[in-house]
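Enquirer: Generate a structure from the sequence data that follows.
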Amino acid sequence: MSPERLERGYRCAYREFYRWGSLFRGAATKPDLRGAVRHLAYAAGWKKFEPVWDLLIRLRRAGMALPVLERVLAGSPPNERRSRSVEAAAA
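Expert: Predicted coordinates for the structure are as follows:
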């Protein structure tokens, strides 16, 4: 297989894997709505908005997006995480 054909195959598979329909199907496999929304937010935010991430990185402003990214990856709002840790400390 030629390098060009391999590259074309990779790009085709990448486009197919990150289509909106594929992202929604992946989110639908999660056991609850929170997990589905988290999956969709992460996958779409990372792959569908790559040009935005590239721009933020080039402008050295990626740190501005860090709180949002951390919130998505944590899967719960900051206040909810804080109240859980306070409850655990009190127990």
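Enquirer: Tell me the secondary structure at Arg60.
Expert: Classification of Arg60 by DSSP: H, G, I helix; E, B strand; the rest coil places it in coil.
Enquirer: can you give me phi and psi for it?
Expert: Here is the backbone geometry of Arg60 (degrees, to the nearest 10): phi 60, psi 40.
Enquirer: what's the answer for Ala27, then?
Expert: With angles defined as degrees, to the nearest 10, Ala27 sits at phi -60, psi -30.
Enquirer: Would you confirm that it contacts Arg34?
Expert: No - assessed by CB atoms under 8 Å, Ala27 is found out of contact with Arg34, at 10.9 Å. No exception for glycine: its C-beta is placed from N, CA and C like everyone else's.
Enquirer: What is the burial count for the nearest residue to Lys48 once chain neighbours are set aside?
Expert: Nearest residue to Lys48 in three dimensions, chain neighbours excluded: Tyr18, at 7.2 Å (CB to CB, 6 or more residues apart in numbering). Counted by other CB atoms under 10 Å, the residues lying close to Tyr18 total 16.
Enquirer: dump the residue contacts of Tyr18.
Expert: Ala43, Lys47, Lys48 (CB atoms under 8 Å, 6 or more residues apart in numbering).
Enquirer: Next up, phi/psi of it, please.
Expert: Per-residue torsions, Tyr18: phi -100, psi 20 (degrees, to the nearest 10).
Enquirer: Return the per-residue confidence for Ser85.
Expert: pLDDT for Ser85: 48.
Enquirer: What of Cys12?
Expert: Per the predicted model, pLDDT is 93 at Cys12.
Enquirer: what about it, which helix or strand?
Expert: Per DSSP states H and E: Cys12 is located in helix 3-17.
Enquirer: if we can go back for a sec, could you tell me which of the contacts of Tyr18 are located in helices?
Expert: Of the contacts of Tyr18, the ones assigned to helices by DSSP state H are Ala43.
Enquirer: Which of the contacts of Tyr18 are buried, as a ChimeraX select command?
Expert: Buried subset of the contacts of Tyr18, written as a ChimeraX selection, criterion 16 or more other CB atoms under 10 Å:
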select :43
